[in-house]
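Undergrad: coordinates only, sequence not included:
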């Protein structure tokens, strides 16, 4: 699939009903929610609704949301099963033609974001997915330009930069709540590997992406893992490894080649050895961590033993 870039221009059509449904999942977000809502309510384009999907906050999150125009900003406060469950509930309740997901600690980049996006999506030949860039102290000034399938295998599009027509979710499904951190990555992979969907990039910043959220925690982990692996928290390591295995399953389902998947399995095995140590890896399925992750890779026990012996032989050669 080639990269398609759409420049901002005048709207050529009028869409019936609400155009944008903006979903903000929250939990004890009183310190930041006002900034996020102000960035939306100050937009030059006002055909939107905001769904604040609150997970039962105990601070002033709900009271802040209730100070805004109730016709524009709706608050749904109930216990959920995490970020992506809240986002899925927002999809089900949304009345808009296009859905956008903003973190409670993020903000739209300027007051013309929705106007510029509307100029693209309200054309007669409307795309199915539109995305731009984000500004982030963690990811950079303009993360990260146009994507294609190959680029998406290496990194994700921030969900704060991307707009989905509601029929996308009807076609490919909602967020996969098996993920704790990267269900948005899983969703984008499913979008890009669906050849019937038209996906376009807008060369403009969509949001200011705050760098302390859940997914940012994992981005930092991946970066630190390459540099100071021995200092990485083991609980987070196991969570990240599980997410990687789940993504390999998604990639297999959308048709990514077996060679790529096999290399991915090898990488996971090497990460386990680096973290557990060669002696623990030689135990194979007798090691509880290896046994746990064998549900994602039936050959993991043999894989880690083979790689461990290879590491031992290499160490012996270096001593001789």
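TA: Sure thing, it's come through. If you're wondering where the values come from, they're calculated on a predicted model, not measured in any experiment.

Undergrad: Contacts for whatever helix or strand residue 291 lives in, please.
TA: Element membership for residue 291 (DSSP states H and E) is helix 288-293. Surrounding helix 288-293, the residues in contact under the criterion C-beta atoms under 8 Å, 6 or more residues apart in numbering are 238, 241-242, 245, 268, 272, 276, 280-281, 283-285, 300-301, 304. Bear in mind the C-beta positions are built from the backbone N, C-alpha and C, glycine included.

Undergrad: Rounded mean pLDDT for it, please.
TA: Computed over helix 288-293, the mean pLDDT rounds to 95.

Undergrad: related to what we said a few turns ago, give me the buried entries from the contacts of helix 288-293.
TA: The neighbour-count test (16 or more other C-beta atoms under 10 Å) marks 241-242, 245, 268, 272, 276, 280-281, 283-284, 300-301, 304 as buried among those.

Undergrad: returning to what we had before: tell me which helix or strand comes right after the helix holding residue 291.
TA: Remark: after helix 288-293, the chain's next helix or strand is helix 300-319, criterion DSSP H and E.

Undergrad: Tell me which other helices or strands that following helix touches.
TA: Using 3 or more C-beta pairs under 8 Å, 6 or more residues apart in numbering; DSSP states H and E as the contact criterion, the secondary-structure elements in contact with helix 300-319 are helix 258-276, helix 278-282, helix 288-293.

Undergrad: how about those helices in TSV, adding distance to residue 24?
TA: TSV is the format used below for the helices and strands packed on helix 300-319 (distance: least, C-beta to C-beta, whole Å):
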stretch	distance to residue 24
helix 258-276	33
helix 278-282	43
helix 288-293	34
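
Undergrad: Okay, residue 192 and residue 169: tell me how far apart.
TA: According to C-beta to C-beta, to the nearest Å, residue 192 and residue 169 sit 15 Å apart.

Undergrad: Between these two, point out the one with more neighbours.
TA: Per other C-beta atoms under 10 Å, whichever of residue 192 and residue 169 has more neighbours is residue 192, with 21 against 17.

Undergrad: which ones are touching that one?
TA: Contacts of residue 192 were listed using C-beta under 8 Å, 6+ apart, and they are 1, 147-149, 152, 199.

Undergrad: just residue 287 next, same as before
TA: The contact partners of residue 287, taken as C-beta under 8 Å, 6+ apart, are 276, 280-281.

Undergrad: Over to residue 93?
TA: By C-beta under 8 Å, 6+ apart, residue 93 lies in contact with 51, 76.

Undergrad: what do you get for residue 55?
TA: With C-beta under 8 Å, 6+ apart as the criterion, the residues that contact residue 55 are 25-27, 77-80, 82, 86.

Undergrad: Swap in 10 Å and give it another go.
TA: Neighbouring residues of residue 55 by C-beta atoms under 10 Å, 6 or more residues apart in numbering: 25-29, 61, 76-83, 85-86, 89.

Undergrad: do the same with residue 176
TA: If a contact means C-beta under 10 Å, 6+ apart, then residue 176 has 84, 88, 182-187, 190, 246, 249-250 as its contacts.

Undergrad: Lowest-confidence member of these, which is it?
TA: Least confident entry in the contacts of residue 176, by pLDDT: residue 182, with 91.

Undergrad: Could you find the closest non-adjacent residue to that residue?
TA: Distances taken as C-beta to C-beta, 6 or more residues apart in numbering place residue 243 nearest to residue 182, at 5.3 Å, with adjacent residues excluded.
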